[in-house]
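> give me coordinates for this.
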Amino acid sequence: MKWAWIENGKIRDVAHNDPNKIYHPDIAKFYDTQVPDDAVNDDGWVNGQLVKPNPPAPLASDPPMWTADDVRLGLSLAEKVKWDNDTVPEVKTAKTELAGSNPEVKVKEVLDFLVATNVISQASADKVIDIKKNPVSPTIPVTTT
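Next comes the predicted model:
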């Protein structure tokens, strides 16, 4: 057990040692409550019981931002040729839609459009989403002949 200074239903401070050994007597007298070892400053103290505060809510994160380069990573070589050279009007439209760094919902719509118009395969669309959700360092397999 530790000794703590309780003020207004909250642990103001927990002494790291016997308060009478580390503080002047005028200060040590405030460390008059024994608290569990897991008590920390700013924990609540209500009716002789430790009350841990609720953890802060996670911050709302922005939706993932997508670029044309993100999409290109998941394409097959033949699809990259269409993508890089804008050989079909659907690619130009898709790149225009992605130019504003739109959220994932929009990229899904763009990928579905490209699949429906046979510009890319469903496997490539799935790979694009997977790469963005689970980024890994690209590796190049080494083969010897």
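> so Asp112 sits in a strand?
No: with DSSP: H, G, I helix; E, B strand; the rest coil as the criterion, Asp112 is located in helix rather than a strand.
> now for Asn85: which residues touch it?
Contact partners of Asn85, counting by Cβ atoms under 8 Å, 6 or more residues apart in numbering, are absent. C-beta coordinates here come from the backbone N, C-alpha and C atoms, glycine included.
> distance of it from Ala116?
Note on Asn85: its distance to Ala116, by Cβ to Cβ, to the nearest Å, is 21 Å.
> just Leu50 next, same as before
In terms of Cβ to Cβ, Leu50 sits 59 Å off from Ala116.
> list the contacts for Ala39?
2, 4, 11, 14, 50.
> can I get those residues in JSON lines with secondary structure, neighbour count and distance to Ala39?
Formatted as JSON lines, the contacts of Ala39 follow (DSSP: H, G, I helix; E, B strand; the rest coil; neighbours: other Cβ atoms under 10 Å; distance: Cβ to Cβ, whole Å):
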{"residue": "Lys2", "secondary structure": "strand", "neighbour count": "19", "distance to Ala39": "6"}
{"residue": "Ala4", "secondary structure": "strand", "neighbour count": "26", "distance to Ala39": "6"}
{"residue": "Ile11", "secondary structure": "strand", "neighbour count": "21", "distance to Ala39": "6"}
{"residue": "Val14", "secondary structure": "strand", "neighbour count": "18", "distance to Ala39": "6"}
{"residue": "Leu50", "secondary structure": "strand", "neighbour count": "15", "distance to Ala39": "5"}
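> host element of Thr93?
helix 89-98 (DSSP states H and E).
> tell me how many other residues crowd Asp32.
11 (other Cβ atoms under 10 Å).
> other residues contacting stretch 43-51?
4, 6, 9-11, 33, 35-36, 38-39, 52-53.
> buried members of those into PyMOL, please.
Under the burial definition 16 or more other Cβ atoms under 10 Å, those of those that qualify are selected in PyMOL by:
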select buried, resi 4+6+10+11+33+35+39
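> residues in contact with the least confident helix or strand in the chain by mean pLDDT?
None of the helices or strands of the chain scores lower by mean pLDDT, DSSP states H and E than helix 104-116, at a mean of 85. Outside of helix 104-116, the residues within contact range by Cβ under 8 Å, 6+ apart are 63-64, 66, 70-71, 90-91, 93-94, 97-98, 120-122, 125, 128-129, 132.
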